[in-house]
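> structure for this input, please:
(one chain, ligands or ions: 1)
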Amino acid sequence: MGKFFGYIAFLVFIALIGAGGILGYFLLEGVPPRLEVSPVPKVIGRKCTFTVKAIDRRSGLSYISATLVQRGRVIRLGSKTYRHREWWRGSGIKEDKISWTIRPIELGLSQGDALLQVCARDSSWRNDLKGNELVWKDRVQIDTTPPQIGLESTVHNIRIGGSGLICYRVNKPVTRTGVWIDQHFFPAYPGPGGKEGIYVAMVALPFDATRPKRVFIEAVDQAGNIARACFPYRILPRGLRVCRIDISDQFLDQKMPEFMARYPDLKGPLPEVFLKVNTEIRRRNNAEIRSYCRKSVPHMLWHGRFERLPGSAFEAGFGDERHYFYRGKEIDREFHMGVDLASVAHAKIPAGNDGIVVFAGYLGIYGNTVILDHGLGLFSMYSHMNEIRVSVGDKVERGETIGITDSTGLAGGDHLHYGMLVSGVFVNPMEWWDQKWIQDHILANIATH
Ligand SMILES: [Zn+2]
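Residues are numbered from 1 along each chain as shown. The predicted structure follows:
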């Protein structure tokens, strides 16, 4: 009997130690919850959402709340209470994520400073059963005033397929600003004078644009407030040139194997291969070119007019509508996105202007190609090269030889295909070869600073 009670007493003792251990570990713990706030709001505009991640590994969460305090006024953003589920380990909710949205205007907040507070408590029995508490605080700025945009430039005569420059000032720091022309966004860069708040955006009207519907300057401040401003502009028509290109069997025999070697999925009779090259590969190549011309050096690297191939004859123009014929039948129609210049065979190609090489290599229908970044979103490209004499990252000077002409890619004879782009939109290079045009349409708009 004595042995039996002794055994029971031992079991009870063990059970008590176990219960005490559990109680001590879960319910009498003294570690407050952890809080992670992301993104940490600094400047709050018309609407700001932030997420709070609360973690409590032992007793679990019991309560979370968020408040804003401004000039003694306490505004509750929201709270959440967690049920005490099991006696031995509190709520059992070790982790939770809550998002709150602050809309200062609806909450009646004033412009200026406020204090954002997030409070979390766990299910511990400590502190008179209120649990361990952690309060996270952050000073925030309430700013619901959109920036003001003031136009500085005056000449906005943009030709379809051509370029232009808009100069304006914004009265507060921005996170993003530029000019929208329909679906194209042309980022603006700080003005060359270094004057605070002055921005310049190089813009372009795509060659197939008709009358754009959405044309405005946009500025987004640190609080996310958006301002938009229209500017007066005039759209000039572009010249239309239609030309016929006859595709011979000899041309197909000479050129298609090069593409079939580069693009293994090209199969079938040569006229069909040509069609795929002229449409699908062309589109793929143009998309690749645009991707190299999105990010640009934030200042002007070029000066003066752009140089073209010396002593060359004009062979084909920008935006030419090309009708392709094979054995007397029209098989395709494409637009030409540059100017073709022909000189003597294997002529030296000068860099159009000072810039940085962003691409140097084979580029499908364009053959061996070099793309230069001239800053502020302006790029020039040189195609059908024989030899490339520069590498990506090289700084080149206007007139410096960057390669030798040839007929690599989809070219019938030795010539230079000279292309230009503004923030990924192909533009007519001829404007950039003309000092007077540059003076009147670009420099005149910056010169006021
Ligand atoms: Zn060309």
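> the residue of the stretch 201-350 of the chain found nearest the ion is in what secondary structure piece?
Closest residue of the stretch 201-350 of the chain to the ion, C-beta to the ion: residue 340 (4.1 Å). For glycine as for every other residue, the C-beta is placed from the backbone atoms N, C-alpha and C. Here residue 340 sits within strand 339-342, counting by DSSP states H and E.
> pull the distance from that strand to the chain's centre.
32 Å (C-alpha atoms, centre = their mean, to the nearest Å).
> which parts of the protein are helices?
Assigned by DSSP state H, the helices in the chain fall at 2-22, 104-107, 249-262, 270-276, 282-292, 435-438, 444-446.
> residues of this protein that sit close to the ion?
Taking C-beta under 5 Å from the ion as the test, the list of the chain residues beside the ion reads 338, 340, 417.
> in TSV: these, plus pLDDT and neighbour count.
Listed next are the residues of the chain next to the ion as TSV, based on pLDDT from 0 to 100; neighbours: other C-beta atoms under 10 Å:
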residue	pLDDT	neighbour count
338	95	25
340	95	22
417	97	25
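> rewinding a little: for the residue of the stretch 201-350 of the chain closest to the ion, which residues are in contact?
Contact analysis of residue 340 by C-beta atoms under 8 Å, 6 or more residues apart in numbering lists 314-316, 415-418.
> let's see 10 Å
309, 312-318, 320, 383-384, 411, 413, 415-418 (C-beta atoms under 10 Å, 6 or more residues apart in numbering).
> over to residue 229?
147-151, 168, 170, 179, 216-219.
> for residue 61, state which of the residues you listed is nearest.
Residue 61 lies nearest to residue 147 out of these, by C-beta to C-beta, at 40.5 Å.
> quick check: that closest one touching residue 224?
No. Using C-beta atoms under 10 Å, residue 147 makes no contact with residue 224, being 11.1 Å away.
> how close does the closest residue in space to residue 366 that isn't next to it in sequence get to residue 257?
Nearest residue to residue 366 in three dimensions, chain neighbours excluded: residue 383, at 3.8 Å (C-beta to C-beta, 6 or more residues apart in numbering). Computed as C-beta to C-beta, to the nearest Å, the residue 383 to residue 257 distance reads 20 Å.
> please apply the same query to residue 334.
In this view, residue 334 and residue 257 are 21 Å apart by C-beta to C-beta.
> between those two, which one's more packed in?
Using other C-beta atoms under 10 Å as the criterion, residue 334 and residue 257 rank with residue 334 on top: 16 against 13.
> residues in contact with the closest residue to the more buried one other than its chain neighbours?
Nearest residue to residue 334, sequence neighbours excluded (C-beta to C-beta, 6+ apart): residue 322, at 5.4 Å. For residue 322, the contact set (C-beta under 10 Å, 6+ apart) comprises 241-245, 278, 316, 332-336.
> change it to 6 Å
Contacts for residue 322 were tallied using C-beta atoms under 6 Å, 6 or more residues apart in numbering; they are 243, 245, 334, 336.
> PyMOL command to pick out the buried ones of these?
Remark: buried members of these, expressed as a PyMOL selection using 16 or more other C-beta atoms under 10 Å:
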select buried, resi 245+334+336
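> my read: residue 217 touches residue 150, true?
No. Assessed by C-beta atoms under 6 Å, residue 217 is found out of contact with residue 150, at 9.7 Å.
> neighbour-wise, which of those two wins?
Taking other C-beta under 10 Å, residue 217 and residue 150 do not tie; residue 217 has more neighbours (23 against 12).
> who does that one bridge with?
residue 179, residue 229 (DSSP bridges).
> pLDDT at it, what is it?
On pLDDT, residue 217 comes in at 98.
> ok, now the one 4 residues further on?
In this model, residue 221 is scored at 94, pLDDT.
> quick one, what contacts the closest residue to residue 63 other than its chain neighbours?
Leaving out its chain neighbours, the residue that sits closest to residue 63 by C-beta to C-beta, 6+ apart is residue 121, at 4.5 Å. By C-beta under 6 Å, 6+ apart, the contact list for residue 121 reads 62-63, 131, 133.
> what about 10 Å?
32-33, 54, 56, 59, 61-65, 81-82, 127, 130-135.
> buried ones from these, can you make that a PyMOL selection?
The following PyMOL line selects those of these that are buried, judged by 16+ other C-beta under 10 Å:
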select buried, resi 32+33+54+56+59+61+62+63+64+65+82+131+132+133+134
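> poorly predicted segments of this structure, please.
Applying pLDDT under 70 to the chain picks out residues 1-2, 19-27, 87-89, 447-449.
> right, and the ion sits closest to which residue of it?
For the chain, C-beta to the ion, closest residue to the ion: residue 417, 3.4 Å.
> tell me which residues touch that residue, please.
315-316, 336-341, 365-367, 369, 381-385, 405, 409-411 are the contacts of residue 417 under C-beta under 10 Å, 6+ apart.
> now, which of these lie within strands?
The strands, defined by DSSP state E, take in 315-316, 339-341, 369, 381-385, 405 from the contacts of residue 417.
> who wins on neighbours among these?
That'd be residue 383 among the ones in strands among the contacts of residue 417, by other C-beta under 10 Å, with 30 neighbours.
> quick check: bridge partners of it?
Following DSSP bridges, residue 383 is listed with bridge partners residue 417.
> test my guess that it contacts residue 361.
No. Judged on C-beta under 10 Å, residue 383 makes no contact with residue 361 at a distance of 11.2 Å.
> list residues touching both of the two?
Common neighbours of residue 383 and residue 361, using C-beta under 10 Å, 6+ apart, are 368-371.
> beta partners for the residue nearest to residue 114 when sequence neighbours are not counted?
In this structure, residue 114 finds its nearest non-sequential neighbour in residue 70, 4.1 Å apart by C-beta to C-beta, 6+ apart. Taking DSSP bridges, one finds residue 73 as the beta-bridge partners of residue 70.
> thinking residue 70 is in contact with residue 141, fair?
No. Using C-beta under 10 Å as the test, residue 70 is too far from residue 141 to be in contact (11.0 Å).
> which one's more surrounded, those two?
When neighbours are counted by other C-beta under 10 Å, residue 70 and residue 141 differ, and residue 70 comes out ahead with 19 against 15.
> contacts only, for the more buried one.
Contact analysis of residue 70 by C-beta under 10 Å, 6+ apart lists 104, 107-110, 112-116, 140, 142.
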